[in-house]
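Engineer: any chance you could fold what I've pasted below:
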Amino acid sequence: SRVTENVEVYGELRSLAYDTYGFTEKEVQFMRSFSDQEKASLISTAAAVLYTPEGEHFGIVPIEAMSYETPVIAINSGGPKETVQHKETGYLCSTDATEWARYMMELMKDPSMSDVMGKKGRRRVARLFSVEAFQNKFHEAVSTTVYRPPW
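Structural biologist: Residues are numbered from 1 along each chain as shown. Next comes the predicted model:
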C-alpha cells in the first residue's frame, strides 16, 4: 500500500542522510506532518522545492512553491512540463540524481538565481494558474461554444 511505501521510503531517506552521508538531524530534517502555516514558512524560505513524482498529473505542489516565489526542481514528465519553465521558474530533470544535485548546487551557490526564478514563478502562477486566469479561460471556453441564434 501507499502508506507502507511512505514508511519504507522515510526509513531509507533517514538512513541515507544520517548513516550513509553523515548529516546530523540539525542539518537535515524530515518532517512528516505539519500545519498549513508551517508549510508556508518552509516553502517560502527554501532555496527550492524538489518535486519527484514521475508521470504525475497536474500536481499542485509546483504551483504552491512558485506562488511563494520558490523555484521548483521537478522531474520532466507529467504536470511539471506544463507548470515549470525550465531554467526560468526552476528546472526540469531526468531521473538521474546527479542532474538533480547539479541544479540544487546551482541554486545554493547563487541565491540571486533562486530569487529571480522565484519571482518569475510567482508571475507565471498569477498569469496562468490563478483564480482570475481560470475564470478568464472558462469564460472564453463557454463564450466560444454557446449557441448564438442567427437573428
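Engineer: now Thr95, what's its secondary structure?
Structural biologist: coil (DSSP: H, G, I helix; E, B strand; the rest coil).
Engineer: same check on Ala74?
Structural biologist: strand.
Engineer: do the same with Leu50
Structural biologist: What three-state DSSP gives for Leu50 is strand.
Engineer: in contact with the spatially closest residue to it that is not a sequence neighbour: list those residues for me.
Structural biologist: Setting aside the residues directly before and after it, Leu50 is nearest to Ile73 in space (CB to CB, 6 or more residues apart in numbering), at 5.1 Å. Just so you know, the C-beta spots here come from the backbone N, C-alpha and C atoms, and that holds for glycine as well. Contacts for Ile73 (CB atoms under 8 Å, 6 or more residues apart in numbering) come out as Ala48, Val49, Leu50, Tyr51, Gly90, Tyr91, Cys93, Trp100, Tyr103, Met104, Leu107.
Engineer: repeat that with 6 Å
Structural biologist: By CB atoms under 6 Å, 6 or more residues apart in numbering, the contact set of Ile73 is Ala48, Leu50, Gly90, Tyr91, Tyr103.
Engineer: does the first one touch Glu69 like I think?
Structural biologist: Okay, so that is Ala48. No. Using CB atoms under 6 Å, Ala48 is not in contact with Glu69; the gap is 11.3 Å.
Engineer: this protein: helices as residue ranges?
Structural biologist: Here the chain has its helices, by DSSP state H, at 2-14, 36-45, 61-67, 80-83, 97-109, 111-128, 131-145.
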